[in-house]
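fold the following, please.
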Amino acid sequence: SVSVAEFVILNFVCILASRQTELHARLSLYRLWYIVTRDSGLQSNITEQSLSKHLLSLDELTLAPIPEESMLHEEELPVDDEIITDIAGIEAAISRFIGDEFQAAFDKHGSSSGGSQDQEKVCADVSLSDTDRISEVGSFHSDTIVPMTRLPRWHATEGIDNFKLSETGSLDAPDTWSVVTDPERYSLRSKTYLEDKKKAPASPCAFHTIEFRVYKTSTPLLHIAERLPSLKAYIQSNPRHFFLVYSRIVPDGKSCINLVTVSVRTLPKGQDPAFDCLWNAFMTGDDKFRNSRLKYLCKIREAPSVVTSAIWLSGGEKPVVIGKGYMDQRCFIGKNYVEFDVDISTSSFARAMVGKVFDHSKKVVHEEMLVIEGQSREELPERPLASWRWVKVEVPFIAIDVGDDILSAPVPAPLAASSPRVEAARSSGLQLAPNDVA
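Numbers count the residues shown, from 1 in each chain. This next block holds a predicted model:
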């Protein structure tokens, strides 16, 4: 006799094994189809011996040689006169882009009154004023991008940071993270999605990820932008920038692993009106609105078969709105940041999937992306908020152990901190009833 737990585990193992067998069988059938269609001589004489010989040889992976007479010589290469080939030309183009012409074009766009009445109503708070440009140059209200070289690094004063940034984005550098520089591999809702349900390659992210840290704590680290001293000081020392903090809390025995990414906005306000409309509604709305719109996407670039099989059994790499009851997601808003904390422990299924990834993390290359879901014509096409990649990490090695004595006191009402109405009332000195906070 076996226990219920053993029975469930045995069934899960059998499901994984059958899934692996099915995948191998499908791949063999695809190879056979390709071999037969590729070799015209084989089509007329198909035997079990010939098919077995081709399956074991891998000849279909060999590329045919290119005849020498068909190769282009240097003088025959096509030349595009419009391509800038010298450094001086590139510098001049950049200067023109961010110079007076760009400023004049932006001012014209900001002062224009075109568009439908509905869109004007939705975007009523998006237009820029001269006061914004003067007092908040470089922030998310500004019409220019603050150069990333002017933004200092966030130094980990709580311990040694072994999780390093890979400037090249290599998939073979262990214990590193990098920014996803090719988000077009992801498909997001297009401008015409409501009519034809078609998606399009993603545009560049509105936020640039500047740091990825892993912290080990005794309890879930909620509102890390306020409680972690180094991050709090970093955000406060850069008031001209607007930050996006995203934290995943993963249970690890008697402790918690907090995966924290910090991104800064680099998309100028006014460059993407659809994103500005949606972002304005996202920031001024309540927690219910934000939880129903923040969408999480992931891609597994490399992983053992046991990890990929478990992920595909759970639905694959489909986008998911975590705040719609899948897991506990909390939002905190400060003067120049917004933070989202996702507690993995609130979902037994998610905890099992993340545990499987952690068990084989030294062989996993994992990408993540955040998107605000567009649900109206004024909010489309979608643009990713931020995207990052972590490469073959050893979690115990990169995790920074943080004691309770280092952290600030926990926030008594974390969900209330994200309500603009509650924040405005508190700043004016009003006393709120429990029903108001809820």
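
how close does Asp182 get to Leu267?
In this structure, Asp182 and Leu267 are separated by 17 Å, where distance is defined by Cβ to Cβ, to the nearest Å. Bear in mind the C-beta positions are built from the backbone N, C-alpha and C, glycine included.

what about those two, which has more around it?
Leu267 (20 against 11; other Cβ atoms under 10 Å).

now for that one: which residues touch it?
Residues in contact with Leu267, defined by Cβ atoms under 8 Å, 6 or more residues apart in numbering, are Ile145, Pro204, Cys205, Ala206, Phe207, Phe275, Arg383.

for those residues, give me CSV that also has distance to Tyr246.
Output for the contacts of Leu267, formatted as CSV (distance: Cβ to Cβ, whole Å):
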residue, distance to Tyr246
Ile145, 21
Pro204, 18
Cys205, 13
Ala206, 13
Phe207, 10
Phe275, 18
Arg383, 16
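
Ala281 looks like it's in a helix, true?
Yes: according to DSSP: H, G, I helix; E, B strand; the rest coil, the state of Ala281 is that of a helix.

just checking, it touches Phe275?
No: under the criterion of Cβ atoms under 8 Å, Ala281 lies out of contact with Phe275, with a separation of 10.9 Å.

neighbour-wise, which of those two wins?
Of the pair Ala281 and Phe275, Phe275 is the one with more neighbours under other Cβ under 10 Å, namely 24 against 20.

re earlier: give me the common contacts of Ala281 and Phe275.
Taking Cβ under 8 Å, 6+ apart as the contact rule, Ala281 and Phe275 touch no residue in common.

burial of Arg185, as a residue count?
Other residues near Arg185 come to 13 when the count uses other Cβ under 10 Å.

gap between it and Ala202?
Distance from Arg185 to Ala202, by Cβ to Cβ: 8 Å.

tell me who's in contact with Tyr193.
Taking Cβ under 8 Å, 6+ apart as the definition of contact, the neighbours of Tyr193 are Lys199, Gly374, Leu380, Pro381.

just the buried residues of the residues you listed.
Neighbour-count burial within those applies to Gly374, Leu380, Pro381; the criterion is 16 or more other Cβ atoms under 10 Å.

just name the closest of these to Gln271, please.
Minimum separation from Gln271 among the buried ones among the contacts of Tyr193 (Cβ to Cβ) is found for Pro381, which lies at 13.4 Å.

phi first, then psi, for that closest one.
Per-residue torsions, Pro381: phi -80, psi 160 (degrees, to the nearest 10).

related to what we said a few turns ago, narrow the contacts of Leu267 to those that are buried.
Buried members of the contacts of Leu267, scored by 16+ other Cβ under 10 Å, are Cys205, Ala206, Phe207, Phe275, Arg383.

and the third one, what's its pLDDT?
Right, the one you point to is Phe207. Phe207 carries a pLDDT value of 97.

and if you look at the last one?
Predicted confidence (pLDDT) for Arg383: 97.

again with Ala433
Model confidence at Ala433, expressed as pLDDT, equals 36.

likewise Thr47?
According to the model, Thr47 carries a pLDDT of 70.

next one: it from Leu27, what distance?
If you go by Cβ to Cβ, the gap between Thr47 and Leu27 works out to 22 Å.

return the set of buried residues in stretch 205-219.
Judged by neighbour count (16+ other Cβ under 10 Å), stretch 205-219 contains these buried residues: 205-217.

what's the closest of those to Glu317?
Cys205 (18.0 Å).

OK, contacts around the closest one?
Contacts of Cys205 by Cβ under 8 Å, 6+ apart are Val180, Pro183, Ser263, Leu267, Arg383, Pro384, Leu385, Ala386, Ser387.

how about Arg377?
Going by Cβ under 8 Å, 6+ apart, Arg377 touches Lys191, Leu194.

just the pLDDT for it.
What the model reports for Arg377 is a pLDDT of 93.

cool, Val342 as well?
Val342 is assigned 96 on the pLDDT scale.

go on, Ile98?
What the model reports as pLDDT for Ile98 is 41.

same thing with the one 10 residues further on?
In the prediction, the pLDDT value recorded for Lys108 is 42.

and for Arg31?
Among the per-residue scores, Arg31 holds a pLDDT of 70.

that one sits in which helix or strand?
Under the criterion DSSP states H and E, the helix or strand holding Arg31 is helix 4-38.

now for that helix, which elements pack on it?
With contacts taken as 3 or more Cβ pairs under 8 Å, 6 or more residues apart in numbering; DSSP states H and E, helix 4-38 sits against helix 40-43, helix 48-57, helix 305-313.

what are the buried residues along it?
In terms of neighbour count (16+ other Cβ under 10 Å), helix 4-38 has its buried residues at Arg19, Arg31, Ile35.

which one among these gets closest to Asp359?
The closest of the buried residues of helix 4-38 to Asp359 turns out to be Arg19 (Cβ to Cβ; 18.3 Å).

need the contacts of Tyr193 in CSV (columns: distance to Val364).
Below are the contacts of Tyr193 laid out as CSV (distance: Cβ to Cβ, whole Å):
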residue, distance to Val364
Lys199, 26
Gly374, 31
Leu380, 33
Pro381, 31
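
make CSV from those and add secondary structure and distance to Pro229 to it.
As requested, these are arranged in CSV below (DSSP: H, G, I helix; E, B strand; the rest coil; distance: Cβ to Cβ, whole Å):
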residue, secondary structure, distance to Pro229
Lys199, strand, 42
Gly374, coil, 37
Leu380, coil, 41
Pro381, coil, 40
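
quick one: Ala281 from Leu267, how far?
Taken as Cβ to Cβ, the span from Ala281 to Leu267 is 16 Å.

Asp343 bridge partners, please.
Assessed by DSSP bridges, Asp343 has beta-bridge partners Ile249, Asp328.

low-scoring stretches of the stretch 1-150 of the chain, by residue?
By pLDDT under 70, the weakly predicted segments of the stretch 1-150 of the chain are 1-2, 36-46, 48-150.

and the strands in this structure?
In the chain, strands defined by DSSP state E lie at 164-165, 176-179, 187-189, 199-201, 207-217, 243-252, 255-265, 294-302, 328-333, 337-343, 365-372, 384-391, 400-401, listed in chain order.
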